[in-house]
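Novice: with the sequence up front, the predicted model follows.
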There are 2 protein chains.
Amino acid sequence: MSKDYLAARQKKLISQLKRIGAEALLVTSETNVTYLTGFSGDSSYLLIGKSQTVLISDGRYTTQLEEECPGLDVYIRKATESMTAALEKVLKKAHLPKLGFESHVVTCDLLDALSGLTPAVQWIPVSGLVEELRMIKDVSEIQEIREAVSQAQRGYEVFRAMLTDEMTELQGAHELEHAMRRFGARQAAFDPIVAVGERAALPHAIPTQKQVGEAPFLLVDWGAMTQKGYRSDLTRMIVHGRTSAKFEKVYQTVLKAQVAAIKAIRPGVSCQEVDQTARTIIQKAGFGKQFTHSLGHGIGLDIHEGPRLGGNITTELKPGMIVTVEPGIYLPGWGGVRIEDDVLVTRTGHEVLTSVPKDFESTIL
Amino acid sequence: MSKDYLAARQKKLISQLKRIGAEALLVTSETNVTYLTGFSGDSSYLLIGKSQTVLISDGRYTTQLEEECPGLDVYIRKATESMTAALEKVLKKAHLPKLGFESHVVTCDLLDALSGLTPAVQWIPVSGLVEELRMIKDVSEIQEIREAVSQAQRGYEVFRAMLTDEMTELQGAHELEHAMRRFGARQAAFDPIVAVGERAALPHAIPTQKQVGEAPFLLVDWGAMTQKGYRSDLTRMIVHGRTSAKFEKVYQTVLKAQVAAIKAIRPGVSCQEVDQTARTIIQKAGFGKQFTHSLGHGIGLDIHEGPRLGGNITTELKPGMIVTVEPGIYLPGWGGVRIEDDVLVTRTGHEVLTSVPKDFESTIL
């Protein structure tokens, strides 16, 4: 990652500290540390402020930090030195009487430990500040997510070509992850869902020993994670047998809702408006109660980030946000259909980052 | 998992609540919820006490809960109902003025939310109580870890047979995970380490594009996770070229230290004694400073659990504990050697659960 992008992220964060009345922020969320420094390891805290920015890590990561974070001020604690003892040393040198901490991440026990440090610090709870910055992706992040999409799509092609009637959901999920890794993915973005027939009625189906041949269709919800940790998230249906007219009706309804919702995406539109666009179409077709979840969510270093495309979310879309659009209709005991793409909000509208065909004909194996 | 084991775990926990002055404990750690109920999903809290035990979950898990937790009292919250709102409803029905919460897990924001609930509850911080129970594995857990060992070992055989000079560390790590899944693993117990030549000097090496053929030896640190979430953890060296006399000397030193430490394992011996047994042998051979970490750690639902076999840990070993024994010698720029097995503490001594050959000859491909 270019140092310029990291510097810009740090600068943006620092510029917000005044507003919360803190000289610096102690970042303890691993993902937020990665976002601000490019460091991909764990067990490390970042103290970031106008006067000083320092990463506290340990000896396992000395070499990795030199490679990943050249120029970053690093404090390597000894094996016998606890994280809080190391932090105490760093704080003694700095003069930071008011410090923010991530109250949505820090446990009660850790806050107790922080409160006992000398010199005395006034700890100010700060919730979701870095996560708010992370909602808007910069150019290097958009590039990473494009890469995660490409890895997912190429892996899916291999997986689709490998399908047999005998393959179980579990084997399918494993083959899919393995295939994405062939194209450079560090791992799957999340445990892939391969749900055969009626199991597709479970929005978060866990793969079982059920075989692909046991029903005429399956649902696949998958994504890739790049080496740097960025993720993609897609869903497609695969039809390999005779389906009913009802199946096609459900499919076309979901597709129509998804396409309309994507079309609605542009800066200034609220998340709930986009959700409502899809929901109205599904309701009119008589399946409103079977669309049981929000329309979508942001993706990035986490598989679920802000903003959420949900019924009560008034957040306005802004250029640089990347969201999933994934309406679904779930009929217990019968099956379900979901179609999901990843969409970048651009200055003038949107760009669909994913490109696996999704018209009904293309689902047929 | 048999309901009897789960009932026994719950009973043990409940019997300890009096000591901490609470009528019940709110379990928010996902892993601890799994341990106490057998439920393998996430986003669920368990309220457990003498008068009532109830799991609060959501609609995605209704079917899974019926399968995994028959007989467990379950509150399914609606999509529009927050977890804390659901908890409030449950608490209103119960009469629990003093409630424990997992202070090492609960974030400051969550405690704020809990403190605002009605009826008013006195929240008592409880740290590591379930984790303490988890240190001693029951028969069903030992069986699961044996399964995780078997999956890891069979996967390793396939991986070892597949090795080529051209294979990269990353490809190797992916093939290894894929092979373990062939034998029923849900996934790798942790990201496998495949470290070629001098990269073996990094105790937590992250796989790179380095090829197996670039050095005469490699280190492989891997394990499997069963469908129920239990883990194994092994390390072996593979030699496929001409190594130096120094390599064999380092190898034999680590092996001697590891075998001696395993021999020392029995009930009543302290963790630090076992660590010291290995450390003394490595120190005498002149490599004391190159053995930079603790000797081992417990394994179970987490890859790192109690007890830690470390220099300052006075915990006494007890029957049912399962620990890794993994001394290592790391020489930056040259390479490293680590050998790791999983050992069960029995009533009369110990049983080594892992059985991949480790004499020097057997490392040669």
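Specialist: Ah, there it is.
Novice: for the stretch 101-250 of chain A, which segments are assigned as helices?
Specialist: A:108-115, A:129-134, A:139-162, A:169-182, A:245-263 (DSSP state H, counting those that start in this stretch).
Novice: could I get those helices as CSV with distance to chain B?
Specialist: Every residue, glycine included, has its C-beta placed from N, CA and C. Shown next, in CSV, are these (distance: least, CB to the nearest CB, whole Å):
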stretch, distance to chain B
helix A:108-115, 4
helix A:129-134, 12
helix A:139-162, 12
helix A:169-182, 4
helix A:245-263, 18
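Novice: so which of these is the most surrounded?
Specialist: helix A:169-182 (a mean of 23; mean count of other CB atoms under 10 Å in any protein chain shown).
Novice: what packs against that helix?
Specialist: Helix A:169-182 sits against helix A:139-162, strand A:187-188, strand A:193-196, strand A:217-222, helix B:169-182, with contacts defined as 3 or more CB pairs under 8 Å, 6 or more residues apart in numbering or on different chains; DSSP states H and E.
Novice: what about 7 Å?
Specialist: helix A:139-162, strand A:187-188, strand A:193-196, helix B:169-182 (3 or more CB pairs under 7 Å, 6 or more residues apart in numbering or on different chains; DSSP states H and E).
Novice: CSV for those, including mean pLDDT and distance to residue B:34?
Specialist: Formatted as CSV, the helices and strands packed on helix A:169-182 follow (pLDDT from 0 to 100; distance: least, CB to CB, whole Å):
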stretch, mean pLDDT, distance to residue B:34
helix A:139-162, 98, 29
strand A:187-188, 97, 21
strand A:193-196, 98, 20
helix B:169-182, 97, 20
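Novice: reformat these as a markdown table; add distance to residue B:216.
Specialist: Converted to a markdown table, the helices and strands packed on helix A:169-182 look like this (distance: least, CB to CB, whole Å):
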| stretch | distance to residue B:216 |
| --- | --- |
| helix A:139-162 | 33 |
| strand A:187-188 | 29 |
| strand A:193-196 | 41 |
| helix B:169-182 | 15 |
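Novice: which ones are touching the residue most central in space within chain A?
Specialist: Centroid check for chain A by CA atoms, centre = their mean gives residue A:303 as the closest residue, at 2.2 Å. By CB atoms under 7 Å, 6 or more residues apart in numbering or on different chains, the contact set of residue A:303 is A:189-190, A:231, A:233.
Novice: surely it is within a helix?
Specialist: No - Residue A:303 is assigned coil when assessed by DSSP: H, G, I helix; E, B strand; the rest coil, not a helix.
Novice: now residue A:227. Nearest residue, chain neighbours left out?
Specialist: residue A:186 (4.9 Å; CB to CB, 6 or more residues apart in numbering or on different chains).
Novice: next, count neighbours for the one you found.
Specialist: For residue A:186, the number of neighbouring residues by other CB atoms under 10 Å in any protein chain shown comes to 24.
Novice: got phi/psi on it?
Specialist: Main-chain torsions, residue A:186, degrees, to the nearest 10: phi -70, psi -40.
Novice: pretty sure it contacts residue A:225?
Specialist: Yes - contact between residue A:186 and residue A:225 holds when scored by CB atoms under 7 Å: they sit 5.1 Å apart.
Novice: where does the stretch 251-365 of chain A get nearest to chain B, which residue?
Specialist: With CB to the nearest CB, the shortest gap between the stretch 251-365 of chain A and chain B falls at residue A:292, namely 6.5 Å.
Novice: and if you look at the stretch 201-350 of chain A?
Specialist: residue A:204 (4.7 Å).
Novice: so that residue touches residue B:60, yeah?
Specialist: Yes - applying CB under 7 Å as the test, residue A:204 and residue B:60 come out as touching, 4.7 Å apart.
Novice: residue A:275 should be in a strand, yeah?
Specialist: No - applying three-state DSSP, one finds residue A:275 to be helix, outside a strand.
Novice: thinking again about what came up before, ok, now which ones touch the residue of the stretch 251-365 of chain A closest to chain B?
Specialist: A:203, A:330, B:59, B:79.
Novice: equivalent analysis for residue A:59, please.
Specialist: A:76, A:79, B:292.
Novice: mind checking which of the contacts of residue A:292 are in strands?
Specialist: residue A:330 (DSSP state E).
Novice: make a markdown table from the contacts of residue A:292 and add distance to residue A:127 to it.
Specialist: Below are these laid out as a markdown table (distance: CB to CB, whole Å):
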| residue | distance to residue A:127 |
| --- | --- |
| A:203 | 28 |
| A:330 | 33 |
| B:59 | 27 |
| B:79 | 23 |
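Novice: just flag the most distant two among the contacts of residue A:292.
Specialist: The largest separation in these, counting by CB to CB, is between A:330 and B:79 at 12.4 Å.
Novice: no further queries at this time; thank you.
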